[in-house]
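[1] Whatever this is, show me its structure:
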Amino acid sequence: EMDEPIVVLCAGSAAAVVNKSLLIKESPVIKTMLGENWNRNVELEEAKRSTSTLFKARTITIPEGYDVKAAKILLCLLEGFDVMIKNIQDFRLMEDILGLCDYYNILSPVKALVTHMSQMDISMDNLLQVFEVGKRLADVDMFKKLGEILQSGSRSVAKANLTSSLLVLKFITENKTKMDNVLEILEGV
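    Numbers count the residues shown, from 1 in each chain. Down below sits the predicted model:
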């Protein structure tokens, strides 16, 4: 029996076509979504509207707000391409990948993702982004510890680099639109 292809849609376009067996093995949420009783009427409506009779596939739509790249990377990780993790240096992208893991209850890549993210470089250039990502992750039970590590790392980088009142003033001025987080970071300096 041929494995059913599932089209994964993200931001209005197809992120990937993945085998159903892989998705249901990795995610109990997706297993339920692809089950017999889930949204049968919606699928019937979609089938009626579909213009292509050549290729009809069921779809999973990633919720709005997630980066297409994050969805594609997560699907690659599920297919066994763990080596990709080492190349990611974008904290927001990593947050999206972890967010998708949480949303769909996909656990297999989480440990490697968390380990990599906790070892990524924090600098003055990404300090505020890392702190903000850390705050959001700390609100998710599964990623609370990682969120705290990122916030702490951000404060350490700030403390090491904001060594004079002039540097502190420059940091405040450059980030005045994010004053709440700037003040939180500076509390520890």
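[2] how about the strands in this structure?
    5-10, 13-19, 58-61 (DSSP state E).
[3] Out of those strands, the one nearest residue 72 is which?
    Closest to residue 72 of those is strand 13-19 (Cβ to Cβ; 5.2 Å). (Glycine included, C-beta is placed from N, CA and C.)
[4] Return the set of buried residues in that closest one.
    15-16, 18 (16 or more other Cβ atoms under 10 Å).
[5] how about it as CSV, C-alpha atoms only?
    Extracted as CSV, the C-alpha positions of strand 13-19 are listed here (Å, rounded to 0.1, in the frame of the first residue of the first chain):
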residue,chain,number,x,y,z
SER,A,13,1.9,28.2,0.0
ALA,A,14,3.0,24.5,0.1
ALA,A,15,6.0,24.1,2.4
ALA,A,16,6.4,20.4,1.6
VAL,A,17,4.7,17.2,0.7
VAL,A,18,5.3,14.6,3.4
ASN,A,19,4.3,11.0,3.9
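[6] and it, how far from the chain's centre?
    17 Å (Cα atoms, centre = their mean, to the nearest Å).
[7] Just the angle for that strand relative to strand 5-10, thanks.
    Interaxial angle of strand 13-19 relative to strand 5-10 (axes from the mean of the first three to the mean of the last three Cα atoms, to 10 degrees): 150 degrees.
[8] pLDDT on strand 13-19, on average?
    Taken as a whole, strand 13-19 has an average pLDDT of 83.
[9] And for residue 78, the neighbour number?
    20 (other Cβ atoms under 10 Å).
[10] Now it: closest residue in space that isn't a chain neighbour?
    Nearest non-adjacent residue to residue 78, counting by Cβ to Cβ, 6 or more residues apart in numbering: residue 26, 5.2 Å away.
[11] which ones are touching the one you found?
    Listed by Cβ atoms under 8 Å, 6 or more residues apart in numbering, the contact set of residue 26 reads 78, 106-108.
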